[in-house]
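Engineer: sequence first, predicted coordinates after that:
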Amino acid sequence: MNEKQTILKINNLHAEYVNPQNKEEKTPILHGINIEIKEGEIHAIMGPNGSGKSTLSSVIMGHPHYNVTEGEILFFSEKENKLVDILSMPAFERARLGLFLSFQYPAAVPGLSVSHFLRSVLKTMRNQDIPLKEFRKEISDKMQELKMDPEFARRYLNDGFSGGEKKRMEILQMSLIQPKMAILDEIDSGLDIDALKIVSEGINNLVDDKKSYLLITHYKRLLDYVKADNVHVLAKGKIIKQGGYDLIDALEEKGYDDIIKEAG
């Protein structure tokens, strides 16, 4: 049996937030993160507010408001057939390698239709224009899978969208792009039960033995629908505990405070 290829490897990652209004004001947030994710694996990062979960996703994707002060982030390049250091790459280059980040709070862009946005994204990612007829069929099929009204494509991007619509928009992007690895930052926040089921089904429909996922969440409910292979508990910028699904049950029973105390 062939060993699975490592897709993302984070070694001793330390990072700080840089205040864009005052570049001298820096706040250390991550303090030595180590994670290895192989192809086909689903990992979950759980933790209380302010633990560094969203910071980690932003740093992996290359957000300019964060500095990496120590450590490395390696991602598998199909072109080079090996793990490559992505820290010097801008976000769009990381995306072209196969990284995708679903935002916790997707921005509204009045005047830009969903259809035009998605066609532009696909053109950039595939490095070629997409024939209109082909694009319309592709987006129609994906929207049908996500139980989205066809009129959705004509609306302005995230403008006046409900929380559930914004999250389905993120999954729609992901389903069209087909990234090698997707980071889903609190994709379950603000969703009612029905919307959570639809979004979870959309994720599960994309899961296969080549794609990897990093799910960032506070709660167990998303992980009742999307089963994680590995769970990492993040607190105060460090991973304090790792395990399988039993760790999720322990968090549900004890809460974060007790788990943090147990970890010392």
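Structural biologist: Received, thanks.

Engineer: and the residue positioned nearest the centre of the chain, what does it touch?
Structural biologist: Central residue of the chain (CA atoms, centre = their mean): residue 183, 1.6 Å from the mean position. By CB atoms under 8 Å, 6 or more residues apart in numbering, the residues touching residue 183 are 57, 60-61, 99-102, 213-214, 216. Placement of C-beta: from N, CA and C, glycine included.

Engineer: if I've got this straight, it is in a helix?
Structural biologist: No. Read with DSSP: H, G, I helix; E, B strand; the rest coil, residue 183 is strand and lies in no helix.

Engineer: show the pLDDT at it.
Structural biologist: For residue 183, the pLDDT comes out at 97.

Engineer: what do you get for residue 264?
Structural biologist: Here the pLDDT value assigned to residue 264 is 69.

Engineer: before we move on, what about residue 194?
Structural biologist: For residue 194, the predicted pLDDT is 88.

Engineer: now it, what's its secondary structure?
Structural biologist: Applying three-state DSSP: residue 194 is helix.

Engineer: so how far is residue 110 from residue 241?
Structural biologist: 43 Å (CB to CB, to the nearest Å).

Engineer: what do you get for residue 166?
Structural biologist: Separation of residue 166 from residue 110 (CB to CB): 14 Å.

Engineer: out of these two, which sits in the busier spot?
Structural biologist: More crowded of residue 166 and residue 110, by other CB atoms under 10 Å: residue 166, with 22 against 9.

Engineer: burial measure for the closest residue to residue 249 other than its chain neighbours, as a count.
Structural biologist: Residue nearest to residue 249 in three dimensions, not counting chain neighbours: residue 220, with 7.8 Å by CB to CB, 6 or more residues apart in numbering. Close neighbours of residue 220, defined as other CB under 10 Å, add up to 14.

Engineer: what's in contact with stretch 103-114?
Structural biologist: Residues outside stretch 103-114 that contact it (CB under 8 Å, 6+ apart) are 54, 117, 152-161, 166, 169-170, 185-186, 189.

Engineer: in strands, which of these appear?
Structural biologist: Those of the contacts of stretch 103-114 mapping onto strands are 156-157, 185, per DSSP state E.

Engineer: please tell me which one of the residues you listed counts the most neighbours.
Structural biologist: The residue in the ones in strands among the contacts of stretch 103-114 with the most neighbours, by other CB under 10 Å, is residue 185 (22 neighbours).

Engineer: tell me who's in contact with that residue.
Structural biologist: With CB under 8 Å, 6+ apart, residue 185 has these contacts: 53-54, 57, 101-104, 216.

Engineer: of the contacts of stretch 103-114, buried ones?
Structural biologist: Neighbour counting by 16 or more other CB atoms under 10 Å classes 54, 117, 152-153, 155-158, 161, 166, 169-170, 185-186, 189 among these as buried.

Engineer: and of those, the nearest to residue 29?
Structural biologist: residue 54 (9.7 Å; CB to CB).

Engineer: distance of that closest one relative to residue 135?
Structural biologist: For residue 54 relative to residue 135 (CB to CB), the value is 32 Å.

Engineer: next one: residue 246
Structural biologist: Distance from residue 246 to residue 135, by CB to CB: 44 Å.

Engineer: which residue is the nearest non-sequential neighbour of residue 8?
Structural biologist: Residue 8 sits nearest to residue 37 (CB to CB, 6+ apart), 4.5 Å away.
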